[in-house]
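1. Sequence and predicted structure, then a few things I'm wondering about:
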Amino acid sequence: MTRRQTESRRGATVVEFAITAPIFFLFLMAAFEFGWLNVMRHTANNAAYQAARHVIVPGATSAEAVAKAQSVLNAVGARNAKVTVSPSTITTQTDQVTVTVEIPVNDNALIVPRFSRNLTLRSSSTLRTERAK
């Protein structure tokens, strides 16, 4: 290959890179974003389960369940997560407890949250209490 042929090929390589690079980086950023959303979804599942498990024992309160869920969510830095416990007042007559965790995707997306407006990751866990009847 002569020197002249390699110089003309160099221009074609730049054009090919200019066409393919944006597509490659788009796929790369999408992979990071979906991976992070999967981490958030898994953390919401784990937070709901751990909080429900913590509150089914005798003497536990719904405030303790919310604190437990928030501590799990804080491990990944989930912002503006909402934790609800049903029933809100747990008595000796309570048969089961449901903990729901909601994480707004808009506030927790890594890259531009433009495509995830108004989406919420929801996870719920219902467990029977360990209270004697």
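-> Here it is on my side, so go on. Keep in mind the model is a prediction, meaning the values are calculated, not measured.

2. where does the residue nearest the centre of the chain land in three-state SS?
-> Centroid-nearest residue in the chain, with Cα atoms, centre = their mean: Met40, separated by 1.4 Å. Secondary structure for Met40, judged by DSSP: H, G, I helix; E, B strand; the rest coil, is helix.

3. so how far is Phe24 from it?
-> As judged by Cβ to Cβ, to the nearest Å, Met40 and Phe24 stand 25 Å apart. For glycine as for every other residue, the C-beta is placed from the backbone atoms N, C-alpha and C.

4. Do a quick rundown of the helices in this structure.
-> Remark: helices assigned in the chain by DSSP state H are 3-55, 62-74, 105-108.

5. where's the longest one relative to the chain centroid, distance-wise?
-> What it means is helix 3-55. Its chain's C-alpha centre and that of helix 3-55 lie 17 Å apart, by Cα atoms, centre = their mean, to the nearest Å.

6. and the direction of it versus that of helix 62-74, what angle?
-> 160 degrees (axes from the mean of the first three to the mean of the last three Cα atoms, to 10 degrees).

7. Could you list every helix and strand that helix 3-55 packs against?
-> helix 62-74, strand 82-86, strand 96-104, helix 105-108, strand 120-128 (3 or more Cβ pairs under 8 Å, 6 or more residues apart in numbering; DSSP states H and E).

8. and it with strand 120-128, angle?
-> Taking the same axes, to 10 degrees, helix 3-55 and strand 120-128 form an angle of 30 degrees between their directions.

9. and helix 3-55 with strand 82-86, angle?
-> Going by the same axes, to 10 degrees, helix 3-55 makes 30 degrees with strand 82-86.

10. CA atoms only for stretch 123-133 - export them in PDB, please.
-> Taking C-alpha atoms only, stretch 123-133 is exported to PDB below (Å, rounded to 0.1, in the frame of the first residue of the first chain):
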ATOM      1  CA  SER A 123     -42.300  -2.900  45.500                       C
ATOM      2  CA  SER A 124     -44.500  -4.400  48.200                       C
ATOM      3  CA  SER A 125     -44.000  -7.200  50.700                       C
ATOM      4  CA  THR A 126     -46.800  -8.700  52.800                       C
ATOM      5  CA  LEU A 127     -45.900 -11.000  55.700                       C
ATOM      6  CA  ARG A 128     -48.000 -12.600  58.500                       C
ATOM      7  CA  THR A 129     -47.200 -11.400  62.000                       C
ATOM      8  CA  GLU A 130     -45.800 -13.700  64.600                       C
ATOM      9  CA  ARG A 131     -48.200 -12.600  67.300                       C
ATOM     10  CA  ALA A 132     -50.000 -15.200  69.400                       C
ATOM     11  CA  LYS A 133     -53.800 -15.200  69.100                       C
END
